[in-house]
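> give the three-dimensional model of this entry:
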Amino acid sequence: MDINNNVDHTLKLLQNQFCGLINIKRQYGKIPEVMCYPGKINQVFMNLLSNSIDSIKSKEKLTEAEEIVIRTSVVDENKVKIEIIDTGAGVPENIQN
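Okay, here's the model as predicted:
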């Protein structure tokens, strides 16, 4: 499976949720295709990106700087890394554990 392509597909599905409010920055590395269960990994992308969108939208005041950054990279010959970073409100301290 092509991870970068599948993240893009998930973003298209979520497009109506962030249209115009949140900047999406794709910082995709050149990564090999990975063996996985595409439906399951796509559900993970959907959940993480939906949580990022909800966290940003839950802020009292949105700015033009609201963004979600998605990075992919190779860790070693058997691992790739996917990072999703957002400007959302974050997880409240009382439930972080």
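> quick one, helices of the chain?
3-18, 38-57 (DSSP state H).
> go through those helices and name the closest to residue 68.
Closest to residue 68 of these is helix 38-57 (Cβ to Cβ; 5.0 Å). Glycine gets a C-beta too; all of them are placed from N, C-alpha and C.
> show the model's pLDDT score for residue 97.
If you check residue 97, the pLDDT there is 82.
> which of the residues in the lengthiest strand in the chain are buried?
For the chain, the strand that runs over the most residues, judged by DSSP state E, is strand 67-76. Neighbour-count burial for strand 67-76 flags 67-68, 70, 72 (criterion: 16 or more other Cβ atoms under 10 Å).
> need these in CSV (columns: distance to residue 45 and pLDDT).
Formatted as CSV, these follow (distance: Cβ to Cβ, whole Å; pLDDT from 0 to 100):
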residue, distance to residue 45, pLDDT
67, 17, 96
68, 12, 96
70, 9, 98
72, 11, 98
